[in-house]
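Engineer: I would like to see how this sequence folds:
(one chain, ligands or ions: 2)
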Amino acid sequence: MAFKKATFITSAPSIRECPEESIPEFCFAGRSNVGKSSLINKITNKKRLARTSNTPGKTQQMNYYLIDEEFYLVDLPGFGFAKVPKKERDRWGKDIKQYLLQRNTLRLILHLVDSRHNPTGLDQEFFYWMASKQKPFAVLLTKSDKLSTNKLAQSEKKVREVLSEMNIEVPVIPCSADTGKGVKEIQSLITEFMEY
Ligand code: GTP
Ligand code: MG
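Structural biologist: Ligands and ions are numbered 1, 2, ... in the order given. The predicted structure follows:
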């Protein structure tokens, strides 16, 4: 089902500043520049809800968006961005990990991977970490518009192989913030996890 209303609520530097745990939430995680903020805009059908940029490291806090008064979408800072000073990077890593582990109302983690590249070591660490902590997650293969149908299928296959080698069974959805591919599936997934 399409989402109707989307409003910005707050930017939280760490879990302490997040809104009260009241309604379900879904977060967008992944390396800097994979397209987390762009996908949130596409899913909510708002061009400028979340700020996007060509330059990695744009989103620096956990940004909360309230959807249809029912749940939050949370745009996370990207990880693995080399140009951010190490101290800052470590703090983000720590804050985000704490958020992912401790946020009781978090229903599902949407982990984005650029469909043009194989999952990196960091992506794989993240898969392993989430699975070992029994955190529900899905993999979104972004920027699918940049690949031919054939290449996209290969990329999807590769991600599924990597996951299956780790004995991890999660949804994998190719998507694009440009064409809207995958948006319906992502919306359905969110709606499904609202019930859990
Ligand atoms: P950080 O906030 O830095 O972690 O990045 P992000 O993951 O939020 O990425 P963002 O949405 O800012 O997008 C990064 C760049 O990729 C921008 O230039 C977007 O226009 C572009 N982009 C995002 N999604 C897509 C997509 O599906 N297709 C194409 N072609 N470009 C995209
Ligand atoms: Mg962003």
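
Engineer: residues contacting the residue in the chain sticking out farthest from the centre?
Structural biologist: Distance from the C-alpha centroid of the chain peaks at residue 150, with 24.6 Å (Cα atoms, centre = their mean). With contact set as Cβ atoms under 8 Å, 6 or more residues apart in numbering, residue 150 has no partners. C-beta coordinates here come from the backbone N, C-alpha and C atoms, glycine included.

Engineer: please save the CA atoms from stretch 93-106 in PDB.
Structural biologist: Provided in PDB are the C-alpha atoms of stretch 93-106 (Å, rounded to 0.1, in the frame of the first residue of the first chain):
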ATOM      1  CA  GLY A  93      29.600   3.300  14.300                       C
ATOM      2  CA  LYS A  94      29.100   3.000  18.100                       C
ATOM      3  CA  ASP A  95      26.000   5.100  18.200                       C
ATOM      4  CA  ILE A  96      24.400   3.300  15.300                       C
ATOM      5  CA  LYS A  97      25.300  -0.100  16.700                       C
ATOM      6  CA  GLN A  98      23.800   0.900  20.000                       C
ATOM      7  CA  TYR A  99      20.700   2.100  18.200                       C
ATOM      8  CA  LEU A 100      20.300  -1.100  16.200                       C
ATOM      9  CA  LEU A 101      20.800  -3.300  19.300                       C
ATOM     10  CA  GLN A 102      18.800  -1.400  21.900                       C
ATOM     11  CA  ARG A 103      15.900   0.300  20.100                       C
ATOM     12  CA  ASN A 104      13.000  -1.900  21.100                       C
ATOM     13  CA  THR A 105      10.500  -0.500  18.600                       C
ATOM     14  CA  LEU A 106      12.800  -1.200  15.600                       C
END
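
Engineer: what is the mean pLDDT for that stretch?
Structural biologist: For stretch 93-106, mean pLDDT is 92.
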